Each structure stands twice: as structure tokens, then as C-alpha cells.
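Enquirer: Give the three-dimensional model of this entry:
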Amino acid sequence: MTIKPEGQNPINVVIADDHVLYRAGVKTALSSKKDIKIIAEADNGAQLLMLLKTVQPDVIILDIQMPIMDGIAALPEIKKLYPQIKVIMLTMMDDHSMITKLMEHGANSYLTKTSDSEIIYEAIKTCHEQEYYFNALTNKALLDNLRQKNQVLPHQLMNEDAKLSEKEITVLKLMCEEKSTREIAQSVELSPRTVEAIRDKLKTKTGAKSTAGLIMYAVKHKLLDEIL
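Expert: A predicted model of the protein is given here:
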């Protein structure tokens, strides 16, 4: 995990949204943040993919509904070609099944367009520094959607024989409670680096590709019943 210290290089951001006024509003709102720099804008997913051949953003704010190529189609292409780029999905829809689908395809966060500029700023910072920005919307969608539909992870994404230690289960539960790496470290009395190592080990053991996958694993194996 690479964190850019305050006062050094800003977090480079690209906005992909077909609504010019919305892009302008986000750009203006973030212009006061010294650690954020909007380096490019795109009207659709196809234009965005062309831009990524010449610009190197740290974070992309990607609208779901766009002409020519929408965000849903663009997301897996971005993650395949540029896995290091964090992608924040932006939409007017509060659709639980859509959130689950997008998080499984590699989205690092999901925000509605009613989110204020401070929430967008926090999501950019958190995704850049901690990989994911989970909020009440994403957590509720992931957990409720899985329970209501009794969904399970495909076998290729989950190791049914994973044997998790008590410490690993504790860390996983805290991750599902939206705790940051630092907060988890304080709770289990370990260093943040050790917590990150446990998180990576959890992914290896369970076969999950992302934090969303780990949450799904926890739900399927009823590890969250005590906290929900």
C-alpha cells in the first residue's frame, strides 16, 4: 500500500460522466483540496479507455449510465488493463444487486450522485490509501442482497475448506464493521502492517479477490451473525 504524504504529490483523479455540469460541479468542489488534482475528464467509457493510454490517474470517478460505453462495461476493462487504479462508481441508483455486482467486478467504492463533495473527497482519499471505501450503502447492499437471495460465491472464488484462525476471524469481522486498518490494529493489538498481512492471507485462504469477496465469505459462513 502506497500513501502519498501530505504536502507531496496530489492524488490524480479522472472523472468520467456524460453530464458536463455535474463534472464541473465535482471539479469545482474538489479544487479547494490541495491533495487532489483532476487531471482529465471523459464523456463515456470508450473515451476514458482512450485517455488511460496517455494519463495515469490514481483514482477514477466513473458514472454508471453513459452513452456509447457505460461504466458497467468500462469497469472490468479498466481493472484488467490497469489493476492499480482505484475506481469509484457513481450513479443515481441505489440498487443493491448492482452494488454487489460492481464490487465483485473490482469497484473500490460506490456512491450516489446525491453524495456531497466531502463524501466524494473522503472516498477518493480512502480508496487511494486503503484500497476500499465502504459506507453504510455498500455494506448494507452486500450483506442484505446476499441474505435475501441466499447467494453464494462461485466455487472458483471461494475455498470451502479454508481454516481460519480466531485472529483471522476477528480481523474479518472488524473489516465488515467498516473499521480502518488502524482501528483494527488497535482492537487486536497488532501493527497496521500485520493487519494488512492478515487481510492478504485471508484473501489467499478464502480465494476472495477483493474485500467485497471477503464480506461475502463472512456472510455465507455466518461469521457476522453476532454483529448484525
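Enquirer: what's in contact with stretch 104-117?
Expert: 22, 26, 29-30, 75-76, 78-79, 83, 86-94, 99, 102-103, 119-120, 123, 126-127, 131-135, 137-138, 141, 209-210, 212-213, 216 (CB atoms under 8 Å, 6 or more residues apart in numbering). (C-beta placed from N, C-alpha, C; glycine too.)
Enquirer: Filter these down to the buried ones.
Expert: Listed as buried from the contacts of stretch 104-117 are 26, 30, 75, 78-79, 86-91, 99, 102-103, 120, 123, 126-127, 131-135, 137-138, 141, 210, 212-213, 216; burial here means 16 or more other CB atoms under 10 Å.
Enquirer: So which of those residues are in helices?
Expert: 26, 30, 75, 78-79, 99, 102-103, 120, 123, 126-127, 137-138, 141, 212-213, 216 (DSSP state H).
Enquirer: Show the subsequent helix or strand relative to the least confident helix or strand in the chain by mean pLDDT.
Expert: Between all helices and strands in the chain, the lowest mean by mean pLDDT, DSSP states H and E belongs to helix 136-149, at a mean of 64. Downstream of helix 136-149, the first helix or strand assigned by DSSP states H and E is helix 166-176.
Enquirer: helices or strands up against the very next helix or strand once past that following helix?
Expert: Sequence order places helix 181-188 as the next helix or strand after helix 166-176, per DSSP H and E. Under the contact definition 3 or more CB pairs under 8 Å, 6 or more residues apart in numbering; DSSP states H and E, helix 181-188 sits against helix 166-176, helix 192-206.
Enquirer: so where's the protein shaky on pLDDT?
Expert: Within the chain, the stretches with pLDDT under 70 are 1-7, 95-96, 136, 139-162, 212, 224-228.
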